[in-house]
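Visitor: model this:
(one chain, ligands or ions: 1)
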Amino acid sequence: MTISITSSFDGGNIRVLSITDTPSGVRADLEIANDHQSDFYQWFHFRVAGAAGRDVELRIVNCADSAYPGGWTDYHARVSEDRDSWSLAETAYADGVLTIRLSPDSNVAWVAYFAPYSMERHHDVIAWAACQPGVAHRELGLTLDGQPMDMLTIGDGPKQVWLYARQHPGETMAQWWMEGALERLCDEEDAVARLLRKQATIHLVPNMNPDGSRRGHLRTNAVGVNLNREWHAPSMERSPEVLLVRDAMDATGVNFAMDVHGDEAIAAVFIAGFEGIPSITDRQVALYHRYRDTLAARTPDFQTRLGYPVASAGKANLSMSTNQLAERFGAVAMTLEMPFKDNDDLPDADYGWSPARSMQLAKDCLAVLAEMIDDI
Ligand code: ZN
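Guide: Modelled structure (predicted):
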């Protein structure tokens with residue numbers, strides 16, 4: 001009997017080309033499917049059955065043309081036998097082929113680009129949060145696949161804070177970050193949460209792209225649209241996710257905004273700002289730098305050496321949310337990037353960058369926001 005591989009579940013993505021028994025075990029040649037109506041692909045998530053006690057070689061053969069080929073060098077796939085703990089698998093990359101080797105103890109194992117975050121878990125967390133004291137839930141509308149756009153609001157202070165994640169659905173660490181943020185903000189005995197809830201009204205959109213998430217996409221929604229290129233002119237036909245959230249932002253105003261992502265290539269946590277917007281002010285930039293430098297002092301999991309090139313004056317892309325919100329509202333806005341690889345300054349040989357570290361980072365980010373909230 002040979003092994004079976006499938007991705008026909010929430011957030012799954014793989015195509016099976018062949019499965020071959022070999023003298024030492026079994027080998028499967030696989031391909032990552034591109035996002036629907038888009039050329040982007042990099043996210044994979046599948047189940048391997050019938051492999052207990054066997055040496056399994058999984059070869060993803062179409063990595064050279066993926067969205068970020070630079071993401072495969074020094075990268076390790078995540079594997080789990082209980083779908084709770086996701087550890088690093090033995091992984092090598094050469095000539096466009098990502099080779100993952102497993103010898104599972106259990107007869108079923110799951111393999112993914114990063115610890116998955118399913119829409120079912122999203123609903124579980126929304127249900128939990130909506131029951132917490134002082135938390136308001138609002139469904140902003142529906143996506144093109146008919147899924148809800150969920151927003152949670154906590155606190156009743158004058159500063160309008162917006163935290164939103166997973167515009168790019170394959171960046172699941174972003175929603176793990178959101179779960180950590182909710183955990184802290186809903187803890188009524190946590191001093192940071194108490195201060196923020198008094199001084200600010202915090203709006204959270206834990207998943208900006210439910211359709212891409214459930215479809216197993218890397219970067220786009222149900223019709224192949226990259227939501228983080230829609231913020232200047234969203235529409236119900238192409239990008240209802242952005243239009244619904246931006247309309248809600250227009251209703252409240254925005255003082256501080258954080259857009260949470262994952263980066264395929266850079267093995268570090270960093271933020272990107274809004275330096276190229278036309279209406280930039282010294283005050284905005286000073287607060288952005290203060291936030292960045294305070295976070296770097298607070299947690300060794302965040303750094304300021306590595307990151308994206310900074311846009312020159314007037315050259316900001318206003319279709320991206322951070323630039324649009326900084327320009328539209330004069331907000332202190334930023335894009336937080338966590339790695340698919342690891343934080344190379346503090347590598348973890350067993351788990352790499354992980355859900356637990358993403359959640360802890362969210363709690364540290366909120367502590368820095370609390371220190372500055374009166375000035376923002
Ligand atoms: Zn992203």
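
Visitor: For stretch 29-45, the averaged confidence score.
Guide: What stretch 29-45 shows for mean pLDDT is 98.

Visitor: From the chain's centroid, how far away is it?
Guide: Stretch 29-45 has its C-alpha centroid displaced from the chain centroid by 17 Å (CA atoms, centre = their mean, to the nearest Å).

Visitor: Just the endpoints, please. Distance across that stretch?
Guide: Length of stretch 29-45, first residue to last, CA to CA, to the nearest Å: 15 Å.

Visitor: Stretch 106-122 too?
Guide: Start-to-end, stretch 106-122 (CA to CA) is 27 Å.

Visitor: next one: it to chain centre, how far?
Guide: 15 Å.

Visitor: So is it next to the ion?
Guide: No: for stretch 106-122, no contact with the ion is found by CB under 5 Å from the ion; the gap never falls below 12.2 Å. C-betas here are computed from N, CA, C, even on glycine.

Visitor: part of a strand, is Val26?
Guide: Yes: counting by DSSP: H, G, I helix; E, B strand; the rest coil, Val26 falls inside a strand.

Visitor: can you pull the contacts of it?
Guide: Neighbouring residues of Val26 by CB atoms under 8 Å, 6 or more residues apart in numbering: Thr2, Ile3, Ile19, Thr20, Ala51, Arg54, Asp55, Val56, Glu57.

Visitor: so who does the residue in the stretch 101-250 of the chain positioned nearest to the ion touch?
Guide: Per CB to the ion, His168 is where the stretch 101-250 of the chain lies closest to the ion, at 3.5 Å. By CB under 8 Å, 6+ apart, the contact set of His168 is Ala174, Asn209, Gly212, Leu218, Arg219, Asn226, Leu227, Asn228, His261, Gly262.

Visitor: Can you tell me which residues in the chain are near the ion?
Guide: So far as CB under 5 Å from the ion goes, the chain lies against the ion at His168, Glu171, His261.

Visitor: Thought Val61 was touching Arg27, still the case?
Guide: No: Arg27 is not in contact with Val61 according to CB atoms under 8 Å; the separation is 11.3 Å.

Visitor: State the pLDDT value of the spatially closest residue to Lys198 that is not a sequence neighbour.
Guide: Nearest-residue entry for Lys198: Gly157, 5.4 Å, with adjacent residues in sequence omitted and distances by CB to CB, 6 or more residues apart in numbering. Turning to Gly157, the model gives it a pLDDT of 98.

Visitor: On the three-state scheme, Gly157 is what?
Guide: coil.

Visitor: thinking again about what came up before, could you export the contacts of Val26 to a markdown table, including columns for neighbour count?
Guide: Below are the contacts of Val26 laid out as a markdown table (neighbours: other CB atoms under 10 Å):
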| residue | neighbour count |
| --- | --- |
| Thr2 | 12 |
| Ile3 | 21 |
| Ile19 | 18 |
| Thr20 | 10 |
| Ala51 | 24 |
| Arg54 | 17 |
| Asp55 | 14 |
| Val56 | 21 |
| Glu57 | 17 |
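
Visitor: Kindly reformat those as TSV containing distance to Ala370 and secondary structure.
Guide: Putting those into TSV (distance: CB to CB, whole Å; DSSP: H, G, I helix; E, B strand; the rest coil) gives the following:
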residue	distance to Ala370	secondary structure
Thr2	55	coil
Ile3	50	coil
Ile19	53	strand
Thr20	56	strand
Ala51	47	coil
Arg54	51	coil
Asp55	50	strand
Val56	47	strand
Glu57	49	strand
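
Visitor: would you list those in a markdown table and tack on pLDDT?
Guide: Shown next, in a markdown table, are those (pLDDT from 0 to 100):
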| residue | pLDDT |
| --- | --- |
| Thr2 | 84 |
| Ile3 | 95 |
| Ile19 | 97 |
| Thr20 | 96 |
| Ala51 | 94 |
| Arg54 | 95 |
| Asp55 | 97 |
| Val56 | 98 |
| Glu57 | 98 |
